[in-house]
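Trainee: got a predicted structure here, sequence first:
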Amino acid sequence: MRLLVLIFSLIVAHSYGQTLKIAKLKYNGGGDWYANKTALPNLIAFCNAELGTMLAPEEDVVEVGSKDIYLYPYIYMTGHGNVVFSDAEAANLRNYLIGGGFLHIDDNYGLDKYIRLELKKVFPELELKELPFDHPIYQQKFKFPRGLPKIHEHDGKPAQGFGLIYEGRLVLFYSYECDLGNGWEDRRVHNTPAEKHLEALQMGANIIAYCFTNSL
């Protein structure tokens, strides 16, 4: 039923020429889920211009335990700190993902040690796996033969893209040591070089394109 709700919402929006919406995930635990305020609007504008998508210009906010989560084909999660999913929230997120939804988690430095624990509540049977550089998510309109671009430096570690794969489908993409969201933001926010800003937007567009063509 939940899969049908998600598919139906996409079909109706497409049939009537309505704009699709994407959302930012609101979670508990004290972490700054609201970080990178200009990131998604900039990514949306880039995708609409470069991919021909018809995304609404501003993202919605959806709570991890809300039934409204099924209204969005792509949900973005970010932050620097603590994350806590209740059992009910973890079950809701799991049902959303196995029902056709897609979650992009973007570590904004400091999220990693918390989110890995919480994901075990959602998919105790799965492990995050690093995606190979030839994975389709890196081979959409914009080619990234070396995987995720390094946008914002913290610890000198390479950028890595991890995924959770459920019954052969990538349901969750986790960008680590990369800071895509910082790269999507207005350049003045982090003094991001123009080439890094563009790389971040191109990789984000690839994720959106992959989600819309491979998730359902």
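Mentor: Happy to help now that I have it.
Trainee: doesn't Leu117 fall inside a helix?
Mentor: Yes - assigned with DSSP: H, G, I helix; E, B strand; the rest coil, Leu117 falls within a helix.
Trainee: can we start the residue count at 34 from this point?
Mentor: Sure, I'll start numbering at 34, so the last one becomes Leu150.
Trainee: residue nearest the centroid of this structure?
Mentor: His137 (2.0 Å; CA atoms, centre = their mean).
Trainee: where does the prediction get shaky in this protein?
Mentor: For the chain, applying pLDDT under 70 flags the ranges 34-51, 248-249.
Trainee: of all the helix elements in it, which one is longest?
Mentor: helix 227-247 (DSSP state H).
Trainee: mind saving the C-alpha coords of it as CSV?
Mentor: Output of helix 227-247 as CSV, limited to C-alpha atoms (Å, rounded to 0.1, in the frame of the first residue of the first chain):
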residue,chain,number,x,y,z
ALA,A,227,33.6,27.9,-8.1
GLU,A,228,34.8,24.6,-9.4
LYS,A,229,34.0,22.8,-6.1
HIS,A,230,30.5,24.4,-6.0
LEU,A,231,29.9,23.1,-9.5
GLU,A,232,31.3,19.6,-8.7
ALA,A,233,29.0,19.4,-5.7
LEU,A,234,25.9,20.5,-7.7
GLN,A,235,26.7,18.0,-10.5
MET,A,236,27.1,15.1,-8.0
GLY,A,237,23.9,16.1,-6.3
ALA,A,238,22.1,16.2,-9.7
ASN,A,239,23.4,12.7,-10.3
ILE,A,240,21.9,11.5,-7.0
ILE,A,241,18.5,13.1,-7.9
ALA,A,242,18.6,11.6,-11.4
TYR,A,243,19.5,8.1,-10.0
CYS,A,244,16.7,8.4,-7.4
PHE,A,245,14.1,9.3,-9.9
THR,A,246,15.1,6.6,-12.5
ASN,A,247,16.1,3.7,-10.3
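Trainee: what residues sit buried inside it?
Mentor: 229-230, 232-245 (16 or more other CB atoms under 10 Å). Backbone N, C-alpha and C define where each C-beta goes, glycine included.
Trainee: what's the answer for stretch 114-123, then?
Mentor: Buried positions in stretch 114-123, judged by neighbour count with 16+ other CB under 10 Å: 114-118, 122-123.
Trainee: quick one: which of the residues you listed is nearest Leu181?
Mentor: The closest of the buried residues of stretch 114-123 to Leu181 turns out to be Val116 (CB to CB; 20.9 Å).
Trainee: what segments of the protein are helices?
Mentor: Under DSSP H, the chain gives helices at 35-48, 72-83, 120-131, 145-155, 213-217, 220-223, 227-247.
Trainee: out of those, the one nearest Pro182 is which?
Mentor: With CB to CB, the closest approach to Pro182 among these belongs to helix 227-247: 4.3 Å.
Trainee: what is that closest one packed up against?
Mentor: helix 72-83, strand 107-112, strand 135-140, strand 202-209, helix 213-217 (3 or more CB pairs under 8 Å, 6 or more residues apart in numbering; DSSP states H and E).
Trainee: JSON lines for those, including distance to Ala56?
Mentor: As requested, the helices and strands packed on helix 227-247 are exported to JSON lines (distance: least, CB to CB, whole Å):
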{"stretch": "helix 72-83", "distance to Ala56": "9"}
{"stretch": "strand 107-112", "distance to Ala56": "5"}
{"stretch": "strand 135-140", "distance to Ala56": "10"}
{"stretch": "strand 202-209", "distance to Ala56": "15"}
{"stretch": "helix 213-217", "distance to Ala56": "14"}
